[in-house]
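# requesting a structural model of the entry that follows:
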Amino acid sequence: VIHNSNQKQLTFAPTIAPSISPTMAPTTRQSAVIAAVVSEFGDLPEDENAPQHMAIQWLTEQDTTIELPSDDSESDELFLERYVAAVFAYTTNYWYWISNDNWLNPDVSICDWFGLACNDDGRLAVL
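Modelled structure (predicted):
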């Protein structure tokens, strides 16, 4: 605060940096994840705390070993299975489940998440 002697009032000194941080642009991975989800399921809810957004954040920041959708339909399906399972986990507050072994563990196959079952091809069969 600076005292301005001519006007007899207090004024704020200028700051070095802006007081409000600019919003960061989405990463390339995040943009690809959002595009894949929107193309398959339609627009996302506006609420950024919605399970769909939480699942996108998980796929973008934590589950970085999964291949992003591409021209390969198999990788698309595996990606979308993980997205759907993550939305289910967030929708049902999986952190309160009695047993949530391996859920949202990016290093573990979705087939090894407690309660899920896969077919012989390693594809999600039961959610």
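# give me the pLDDT for I16.
Note on I16: pLDDT of 52.
# do the same with T23
For T23, the predicted pLDDT is 44.
# give me the most central residue, this structure.
The centroid of the chain falls nearest to Q57 when counting by C-alpha atoms, centre = their mean (1.3 Å).
# where do the helices of this protein begin and end?
Assigned by DSSP state H, the chain shows helices spanning 28-41, 51-61, 73-91.
# what's the closest of those helices to P106?
Of all those, the one in closest proximity to P106, counting by C-beta to C-beta, is helix 51-61 (8.1 Å). The way it works is simple: take the backbone N, C-alpha and C, and place the C-beta from them, glycine included.
# JSON lines for the helices of the chain, including distance to P106?
Output for the helices of the chain, formatted as JSON lines (distance: least, C-beta to C-beta, whole Å):
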{"stretch": "helix 28-41", "distance to P106": "13"}
{"stretch": "helix 51-61", "distance to P106": "8"}
{"stretch": "helix 73-91", "distance to P106": "9"}
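# most tightly packed of those helices?
Sort the helices of the chain by mean neighbour count, taking mean count of other C-beta atoms under 10 Å, and helix 51-61 sits at the top with a mean of 19.
# as CSV, could you dump the C-alpha coordinates of it?
Taking C-alpha atoms only, helix 51-61 is exported to CSV below (Å, rounded to 0.1, in the frame of the first residue of the first chain):
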residue,chain,number,x,y,z
PRO,A,51,-17.3,-38.2,-12.9
GLN,A,52,-16.7,-37.9,-16.6
HIS,A,53,-14.3,-35.0,-16.1
MET,A,54,-12.6,-36.9,-13.2
ALA,A,55,-12.1,-39.9,-15.5
ILE,A,56,-10.6,-37.7,-18.2
GLN,A,57,-8.3,-36.2,-15.6
TRP,A,58,-7.2,-39.7,-14.5
LEU,A,59,-6.6,-40.9,-18.1
THR,A,60,-4.7,-37.7,-18.8
GLU,A,61,-2.5,-37.4,-15.7
